[in-house]
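Asks: Would you be able to build a 3D model of this:
(chains A and B)
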Amino acid sequence: MAVVVNQELCKGCKICVKNCPFQAIDFDETTRKATINEKCTACSVCISKCPFKAISKDETDEVDLSAYKHIWVFAEQRDGELMGVAKELIACGRRLSRDISPETKCYALLVGNHLDALGQEAIEWGADGSILIESPLLEHFNTDGYTKVICDAIKEYKPEIILYGATHIGRDLAPRVAGRSNVGLTADCTGLEVDLEKYKAYCAKETTLDLSTLEGEDPNDKCIKQTRPAFGGNLMATIVSKKTRPQMSTVRPGVMSKQERVPGAKGEIIKVTPKLEESDIRTKIIKIVKEAKEMVSLTDAKIICSGGRGLGGPEGFKLIQEFADKVGGVVGSSRACVDAGWIGHEHQVGQTGTTVKPDIYFACGISGAIQHQAGMKNSKIIVAINKDPDAPIFGIADYGIVGDLYKVVPMIIEEWDNFSTAL
Amino acid sequence: MRIIVCAKQVPDTSEVKIDPKTNRIIRDGVPSILNPDDANALEEALLLKDKDPETVVTVVSMGPPQAKDMLIECLAMGADECYLLSDRAVGGSDTWATSNAITALIEKIGPFDMIFAGRQAIDGDTAQVGPQIAEKMHLPQVTYVQKFEISEDKKTVTVQRQLEDGYEVIEVHTPCMLTCIKELNNPRYMTVSGIVKACKADAPIYVKSAKDVECDLTKVGLEASPTVVFRSFTPAPKAPGQIIQGEDERTQSKNLLAKLKEKHAI
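Replies: Next up, the predicted model:
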């Protein structure tokens, strides 16, 4: 949908030039007429401002979907370090690119300053190539600068799919890029497939979808099927954007898996010179403050490490605290320990305490009385560690270890870093 | 000073339950509430009004006619006026189409100094509409705002933008779009006199149609939305649990962590 100036109707008043938010209208001093340049985002502001109705949108200009090729991964970096989610999405993008066609490639899109080393690193994590957009103005993330250079690059290179990490940066940037490009964006996807058969396999494993409802879908349609949770995870939906390109998704850190790094892997490096001025960036970063994660409340905790009567005494919570510190979690407790005065009431999980649903609930030495279960049974994953194999907690646990928590928990703490995916 | 607050009525998802027989969401009896992050957005606007009574706080929303109930709550908390865009023509809008519709509504209301929105709504959790309204209105944005200050002349705001491992201090000129998180403030309760005033027949709640706000009908609603729901379903039911085996505690721990990693839980 290109915006055009009807040269016959244009009177050369320059009102559109002044009102364009993107400096996308040039004025030709010889012909005294306005023309639209490549900065135009089809925002339509000028159309309403023109007193002579000389500007219009060329609606016949349909999007040629086949002109869009390859997958881009917004490879987020902070202070010159590639984020974990970028590595995960590179592996995901690579897999999807092969499912589209043998010629389809996965590129890491890097925005920042001095990116040569990161461009190579992204290739070692599985990208076929890296697109580098470098400028001192892009050193730290800023919405205006990043949006502009990415939208410009999209116009020039026409990728078919762009994946972003659903970080505080990705979730600021992606909607803005999608808004300006007038394309669909699906947030916080937990499943991405382009191939219909693979989508069916995913649904069979992870969902209750009746697969017969998928018969009649075109197996050659390689549009990206983006599955995401809604209503607090009670419902899931698969979203598609059939009419617009590029298709865009954000994915939370830790949802996809990265592949082995291949040192010395070779790939194409494409350098894009950004058209960016200081005045394009309307926010000013005064400072960036790093801080250790604050103690979060039980209701918001992603991981809860809970202790019960099996701890044997108040000193047992030292181990639970150490466990929670290691995994970035919060300490919880059963009622028995609170009543015994081993720990404060604010830590109590259960019917008379706090109701929680973290991603992982570690129940250590908790038998699992029904009142306790009422407060934590909706946790995504429940891990029970208990000496008694008949403890009711094993009935609702996803994973159980029958054993002495004082032997098991220290081992989990020791081994944690070997398994955990940092952001 | 005029402040626009974007608010949404949402089902209280902590109360949403699944019918075990049909595997469908039971919405009956689930209370509708003011979206929590939007309550923080409204509170920050009201704090500005506390300091400067000349400030006008205008709440905008889009949704079915019942969303008026949520707007009554906003008035009872202290908002000056509320606008609800309610029209079948905008029904089924995705985030892109929603931002087009709300942009049309805000433009109709007139000049403003700032827009506060919640970071995200608890029913969809997309966090997209705030930034997309900012994009459509050509405003600078700061998302994840956890601390807010405004200069004497009300032209510059300094905010803390939350990051996963800390925060940024960002300066931006008005007008701008700020999306708020719960760390920003503690929303106030409704007052009794506020409730009485908000429930009056002539309470300043204005319901507008798509025609009233002159939105471009080719850019709103289900048909215009670039994203469509391909299929929807409930997650697979929980598989029965398993006891992790291993000859010693270290092996058991390793096996457990491998399982958690496989599930992308860690």
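
Asks: Tell me the confidence at the residue sitting nearest the centre point of chain A?
Replies: The centroid of chain A falls nearest to residue A:166 when counting by C-alpha atoms, centre = their mean (2.0 Å). pLDDT, residue A:166: 93.

Asks: Quickly note the distance from it to residue A:189.
Replies: As judged by C-beta to C-beta, to the nearest Å, residue A:166 and residue A:189 stand 8 Å apart. (Glycine included, C-beta is placed from N, CA and C.)

Asks: can you count the residues close to the closest residue to residue B:7 other than its chain neighbours?
Replies: Take residue B:7 and drop its neighbours on the chain: the residue closest to it by C-beta to C-beta, 6 or more residues apart in numbering or on different chains is residue B:38, 4.2 Å away. Other residues near residue B:38 come to 31 when the count uses other C-beta atoms under 10 Å in any protein chain shown.

Asks: again with residue A:33
Replies: Taking other C-beta under 10 Å as the neighbour definition, residue A:33 ends up with a count of 18.

Asks: Now do the contacts for it.
Replies: Contacts for residue A:33 were tallied using C-beta atoms under 8 Å, 6 or more residues apart in numbering or on different chains; they are A:5, A:7, A:10, A:12, A:27.

Asks: SS state for the last one?
Replies: Assigned with DSSP: H, G, I helix; E, B strand; the rest coil, residue A:27 falls in the strand class.

Asks: Specify the beta-bridge partners of it.
Replies: In this entry, residue A:27 is beta-bridged to residue A:34, by DSSP bridges.

Asks: That one contacts residue A:17, correct?
Replies: Yes - counting by C-beta atoms under 8 Å, residue A:27 does reach residue A:17; the two are 5.3 Å apart.

Asks: Overlap of the contact sets of the two?
Replies: What both residue A:27 and residue A:17 touch, as defined by C-beta under 8 Å, 6+ apart, is the set residue A:34.

Asks: So residue B:42 sits against residue B:59, correct?
Replies: Yes - assessed by C-beta under 8 Å, residue B:42 is found in contact with residue B:59 at 6.7 Å.

Asks: how does chain A divide into domains?
Replies: Domain ranges of chain A: A:2-58, A:65-279, A:303-419, per automatic domain parsing.

Asks: got these as CSV, with distance to residue B:135 columns?
Replies: Below are the domains of chain A laid out as CSV (distance: least, C-beta to C-beta, whole Å):
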stretch, distance to residue B:135
domain A:2-58, 9
domain A:65-279, 3
domain A:303-419, 32
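
Asks: Could you say which one of those domains comes nearest to residue B:214?
Replies: Closest to residue B:214 of the domains of chain A, according to C-beta to C-beta: domain A:2-58, at 9.9 Å.

Asks: Between the two ends of that closest one, how far is it?
Replies: Using C-alpha to C-alpha, to the nearest Å, the end-to-end distance of domain A:2-58 comes to 5 Å.

Asks: Distance from that domain to the middle of the chain?
Replies: 37 Å (C-alpha atoms, centre = their mean, to the nearest Å).

Asks: same question for it, mean pLDDT?
Replies: Mean predicted lDDT for domain A:2-58 stands at 87.

Asks: From residue B:10, how far off is residue A:336?
Replies: 37 Å.

Asks: Now do the contacts for residue A:221.
Replies: residue A:196 are the contacts of residue A:221 under C-beta under 8 Å, 6+ apart.

Asks: now the one 5 residues further on
Replies: When the contact criterion is C-beta under 8 Å, 6+ apart, the partners of residue A:226 are A:186, A:189, A:191-192, A:238-240, A:247, A:249.

Asks: Same list, those, but as a markdown table with secondary structure, pLDDT and neighbour count please.
Replies: Below are the contacts of residue A:226 laid out as a markdown table (DSSP: H, G, I helix; E, B strand; the rest coil; pLDDT from 0 to 100; neighbours: other C-beta atoms under 10 Å in any protein chain shown):
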| residue | secondary structure | pLDDT | neighbour count |
| --- | --- | --- | --- |
| A:186 | strand | 97 | 28 |
| A:189 | strand | 93 | 23 |
| A:191 | strand | 93 | 21 |
| A:192 | strand | 97 | 27 |
| A:238 | strand | 95 | 25 |
| A:239 | strand | 96 | 24 |
| A:240 | strand | 96 | 19 |
| A:247 | strand | 98 | 29 |
| A:249 | strand | 98 | 25 |
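
Asks: May I ask which two of these are separated the most?
Replies: Using C-beta to C-beta, the pair of the contacts of residue A:226 lying farthest apart is A:191 and A:247, separated by 14.5 Å.

Asks: host element of the closest residue to residue A:342 other than its chain neighbours?
Replies: Nearest non-adjacent residue to residue A:342, counting by C-beta to C-beta, 6+ apart: residue A:314, 3.9 Å away. Counting by DSSP states H and E, no helix or strand carries residue A:314.

Asks: Can you tell me the closest non-neighbouring residue to residue B:163?
Replies: Nearest residue to residue B:163 in three dimensions, chain neighbours excluded: residue A:168, at 5.2 Å (C-beta to C-beta, 6+ apart).

Asks: surely the one you found meets residue B:166?
Replies: No - between residue A:168 and residue B:166 there is no contact under C-beta under 8 Å: 10.3 Å.

Asks: So between these two, which is more surrounded?
Replies: Between residue A:168 and residue B:166, counted using other C-beta under 10 Å, residue A:168 has the larger neighbour count: 21 against 14.

Asks: does that one count as helix, strand or coil?
Replies: Applying three-state DSSP: residue A:168 is coil.

Asks: List the contacts of it.
Replies: B:143-144, B:161-164.

Asks: Reformat those residues as JSON lines; add secondary structure, neighbour count and pLDDT.
Replies: Listed next are the contacts of residue A:168 as JSON lines, based on DSSP: H, G, I helix; E, B strand; the rest coil; neighbours: other C-beta atoms under 10 Å in any protein chain shown; pLDDT from 0 to 100:
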{"residue": "B:143", "secondary structure": "strand", "neighbour count": "27", "pLDDT": "98"}
{"residue": "B:144", "secondary structure": "strand", "neighbour count": "25", "pLDDT": "97"}
{"residue": "B:161", "secondary structure": "strand", "neighbour count": "27", "pLDDT": "97"}
{"residue": "B:162", "secondary structure": "strand", "neighbour count": "19", "pLDDT": "94"}
{"residue": "B:163", "secondary structure": "strand", "neighbour count": "19", "pLDDT": "91"}
{"residue": "B:164", "secondary structure": "coil", "neighbour count": "14", "pLDDT": "82"}
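
Asks: For the residue nearest to residue B:163, give me the backbone phi and psi.
Replies: phi -60, psi -20 (degrees, to the nearest 10).

Asks: Kindly provide the distance from it to residue A:270.
Replies: 27 Å.

Asks: Kindly report the same for residue A:85.
Replies: 22 Å.

Asks: cool, and residue A:84?
Replies: Distance, residue A:84 to residue A:270, by C-beta to C-beta: 24 Å.
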